[in-house]
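Undergrad: What follows is a predicted structure for the sequence shown.
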Protein chains: 2
Amino acid sequence: MSTIAYFGPRGTFTEQAARSLATDQELVPADTIAAALAAVRAGTADAACVPVENSVEGPVNATLDGLATGMPLVAVAEALLPVHFSILTRPDITEPAEIRTVASHPHALAQVRQWLADTLPDAQTVAAASTAAAAVAVQRGECDAAVTAPVAAEHYPLRILATGVADVLDARTRFLLVRPPGPLPEPTGADRTSVLASTANRPGALAELLTELAFRGINLTRLDARPARGNFGEYRFFLDFEGHLAEQRVGDAVAALYRRCSSVRFLGSHPRADRVADTIAPAAANDDYSNAAAWVAAVQAGETA
Amino acid sequence: MSTIAYFGPRGTFTEQAARSLATDQELVPADTIAAALAAVRAGTADAACVPVENSVEGPVNATLDGLATGMPLVAVAEALLPVHFSILTRPDITEPAEIRTVASHPHALAQVRQWLADTLPDAQTVAAASTAAAAVAVQRGECDAAVTAPVAAEHYPLRILATGVADVLDARTRFLLVRPPGPLPEPTGADRTSVLASTANRPGALAELLTELAFRGINLTRLDARPARGNFGEYRFFLDFEGHLAEQRVGDAVAALYRRCSSVRFLGSHPRADRVADTIAPAAANDDYSNAAAWVAAVQAGETA
């Protein structure tokens, strides 16, 4: 039976995402994002499910760093989850005023900062490795409350103090299912392609890369410029854009990035979880490209002019 | 006497940065980045000193969000500090093995993750509002150790367990000194200009903005694309680039951004802390612009052709 390693432990948002992406695979928790990716690279798992960006907090650095180096991995699917937290407490706590410490992953704490200030103003926040690790800490009596994914309530015998907690109600986290390179998912007309492009730091370098996409009518959906090797001014660019590598405009654009960059890593083409259809600019559809290529080939062959 | 509000409490890296940027101003700590900016907007401080980016962890969201909305504030100076931490403990702790809890700001904890795993593998990490708040927590006996700025050892009666601690030894944090709009600092030939530009989400929008800079030979030093209003795909762009708004190529480029964007906010032109001289492309110096403008004016006046 094939397996999906996910950023665990059990009871995290990533487990919820992995459940939604699994067909018949076994789900195996990994301690860290790096460990989930390493399991795929070592062949002990067939795929990994990891968070990649949050609409409020931004990119998940551990995932981007993990995909940027080591054996290449390619995203074949994504999931989008609303970030609504549950607040779980020990069963012996009956009053919010008894809650002295609230544990969670720092990203989760950041996303309920205002709710905590309003509801539990005297509680100290404690950084945990994950939302589920926070639930474990509460179970062990090390903390009084945990900010967790809703699914955590199924795994831990804790009292639910509140559900649907979020400072920004439309916050969402996007998760990727990544595998070693292999056959790409079929294009659906509502796809996302991701690449990591590294260029020398000189005026216009990024403008040229984005113009390669723009001139082909390809809509950028995310750009993350991260400092390379701890140096300001030297960046690598994580680009997400609409379309599928099997489509000619996207294949041509990615080939142009490859020509222009010191290195390019393909991070995947897969259907968008929100099913938003690709924008295709006039004269940039597959038929436009194939008609144009056929005409040039005919001219080259001396058949027309 | 004029005052600088800084993201405190006393003993943080931001205090170190504020000291380096102050001439004869009084330094007043503020509880949060938002409070430091609010003090300037309310007129109770003349300027604020806040962190803006870290070479490992990336942008400081609270600062970017704080500068993006509310009364405009403009950066007039910057400071660059190496991120080397000190580990402070209660004086009664004599063995590292006695350290059960280590507190600090989540960014600081992230930057010594490996050191903690190697040196204090059994210690639990605790999120604090700042590195100095962690020192206060140790002083109060709430935690055993704190990851702090070196300056914290001057303010708190704690034992120094280690200094110069950092997973990435060349990590640096950049800080801004911001004020209400007023006369800009003089150009120095080694300046940085920052703007916030918001555009509709359509193919090519960002490529056009960056091309306005690139065609004028202006080198981008940072680009941060942040989701607007919690929505994926709708972004505002924080752009940092070389040069000073008083220089014609920069003034022209910023005017072009203003024409093309739904909104542009000027965030400042000031000397770079690292004194790296501006790259000026051929035909893009101030003299090139003024010679060209003089020629066009002469042609318009019928004096030459």
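TA: That came through, no problem. Here the structure is a predicted model, which means the values were calculated and not measured.
Undergrad: A:Ala146: which element?
TA: strand A:145-148 (DSSP states H and E).
Undergrad: Could you list the buried residues of the helix or strand just after that strand?
TA: Next along the chain after strand A:145-148, taking DSSP H and E as the criterion, comes helix A:152-155. For helix A:152-155, the neighbour count (16 or more other C-beta atoms under 10 Å in any protein chain shown) marks A:Ala152, A:Ala153, A:His155 as buried. Using the backbone N, CA and C atoms, a C-beta is placed for each residue, glycine as well.
Undergrad: quick check: mean pLDDT across helix A:152-155?
TA: Averaging pLDDT along helix A:152-155 yields 92.
Undergrad: can you check stretch A:66-82 too?
TA: 95.
Undergrad: Show me which parts of that stretch are buried, residue by residue.
TA: Neighbour-count burial for stretch A:66-82 flags A:Gly66, A:Leu67, A:Ala68, A:Leu73, A:Val74, A:Ala75, A:Val76, A:Ala77, A:Glu78, A:Ala79, A:Leu81 (criterion: 16+ other C-beta under 10 Å).
Undergrad: With stretch A:143-157 instead?
TA: Buried-residue list, stretch A:143-157, by 16+ other C-beta under 10 Å: A:143-153, A:155-156.
Undergrad: Among the residues you listed, which one lies nearest to chain B?
TA: The nearest member of the buried residues of stretch A:143-157 to chain B, counting by C-beta to the nearest C-beta, is A:Cys143 at 9.5 Å.
Undergrad: wait, doesn't that closest one sit right on A:Ile99?
TA: No - counting by C-beta atoms under 8 Å, A:Cys143 does not reach A:Ile99; the two are 9.0 Å apart.
Undergrad: about what we covered before: the buried residues of stretch A:143-157: which two are farthest apart?
TA: A:Asp144 and A:Val151 (21.0 Å; C-beta to C-beta).
Undergrad: follow-up on the earlier one: okay, now the sheet partners of the strand holding A:Ala146, with direction.
TA: Strands that pair with strand A:145-148, judged by DSSP bridges, come out as strand A:85-89 (antiparallel), strand A:101-104 (parallel).
Undergrad: Let's have those in TSV, adding mean pLDDT, mean neighbour count and distance to A:Leu161.
TA: What follows is these, written out as TSV (pLDDT from 0 to 100; neighbours: other C-beta atoms under 10 Å in any protein chain shown; distance: least, C-beta to C-beta, whole Å):
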stretch	mean pLDDT	mean neighbour count	distance to A:Leu161
strand A:85-89	96	24	4
strand A:101-104	93	26	10
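Undergrad: Nearest to A:Pro183, out of the ones you listed?
TA: Closest among the strands paired with strand A:145-148, using C-beta to C-beta: strand A:85-89, at 37.5 Å.
Undergrad: neighbouring contacts of the closest one?
TA: A:99, A:102, A:104, A:108, A:111-112, A:131, A:135, A:138, A:144-150, A:152-153, A:156, A:158-166 (C-beta atoms under 8 Å, 6 or more residues apart in numbering or on different chains).
Undergrad: go with 6 Å
TA: A:112, A:135, A:145-148, A:150, A:153, A:158-163, A:165 (C-beta atoms under 6 Å, 6 or more residues apart in numbering or on different chains).
Undergrad: three-state assignment of A:Thr94?
TA: coil (DSSP: H, G, I helix; E, B strand; the rest coil).
Undergrad: Provide a list of residues in contact with it.
TA: By C-beta under 6 Å, 6+ apart, A:Thr94 has no neighbours at all.
Undergrad: what do you get if the cut-off is 10 Å, keeping everything else the same?
TA: A:Arg159 (C-beta atoms under 10 Å, 6 or more residues apart in numbering or on different chains).
Undergrad: From chain B, how far out is it?
TA: Look at A:Thr94 and chain B: by C-beta to the nearest C-beta, to the nearest Å, they are 24 Å apart.
Undergrad: go on, A:Thr173?
TA: Applying C-beta to the nearest C-beta to A:Thr173 and chain B gives a distance of 10 Å.
Undergrad: now swap in A:Arg259 and tell me
TA: A:Arg259 sits at a distance of 17 Å from chain B (criterion: C-beta to the nearest C-beta).
Undergrad: for the stretch 51-200 of chain A, what are the low-confidence residue spans?
TA: Within the stretch 51-200 of chain A, not a single segment meets pLDDT under 70.
Undergrad: Run through the helices of it in chain order.
TA: A:61-68, A:106-111, A:113-119, A:131-139, A:152-155 (DSSP state H, counting those that start in this stretch).
Undergrad: Quick one: closest of these to B:Asn61.
TA: helix A:106-111 (8.3 Å).
Undergrad: The closest one packs against which elements?
TA: strand A:47-54, strand A:85-89, strand A:101-104, strand A:124-127, helix A:131-139, strand A:145-148, helix B:106-111, strand B:124-127 (3 or more C-beta pairs under 10 Å, 6 or more residues apart in numbering or on different chains; DSSP states H and E).
Undergrad: if you set the cut-off to 8 Å instead, what comes out?
TA: strand A:124-127, strand A:145-148, helix B:106-111 (3 or more C-beta pairs under 8 Å, 6 or more residues apart in numbering or on different chains; DSSP states H and E).
Undergrad: which residues are contacting the last one?
TA: Contacts made with helix B:106-111 from outside it, assessed by C-beta under 8 Å, 6+ apart, are listed as A:106, A:109-110, A:127, B:54, B:56-57, B:60, B:83, B:85, B:102, B:116, B:125, B:127, B:131, B:134, B:147-148, B:166-168, B:171.
Undergrad: run the last query once more with 6 Å
TA: A:Pro106, A:Ala127, B:Val56, B:Glu57, B:Thr125, B:Ala127, B:Thr131, B:Val147, B:Asp167.
Undergrad: Am I right that A:Val74 is in contact with A:Gly268?
TA: Yes - in this structure A:Val74 lies within contact range of A:Gly268 using C-beta atoms under 6 Å: 4.4 Å.
Undergrad: what residues do these two have in common as contacts?
TA: Common neighbours of A:Val74 and A:Gly268 (C-beta under 6 Å, 6+ apart) do not exist.
Undergrad: Give me the buried stretch members for the lengthiest helix in chain A, please.
TA: In chain A, ranked by residue count with DSSP state H as the criterion, the top helix is helix A:286-300. For helix A:286-300, a neighbour-count test (16+ other C-beta under 10 Å) marks A:Asp288, A:Tyr289 as buried.
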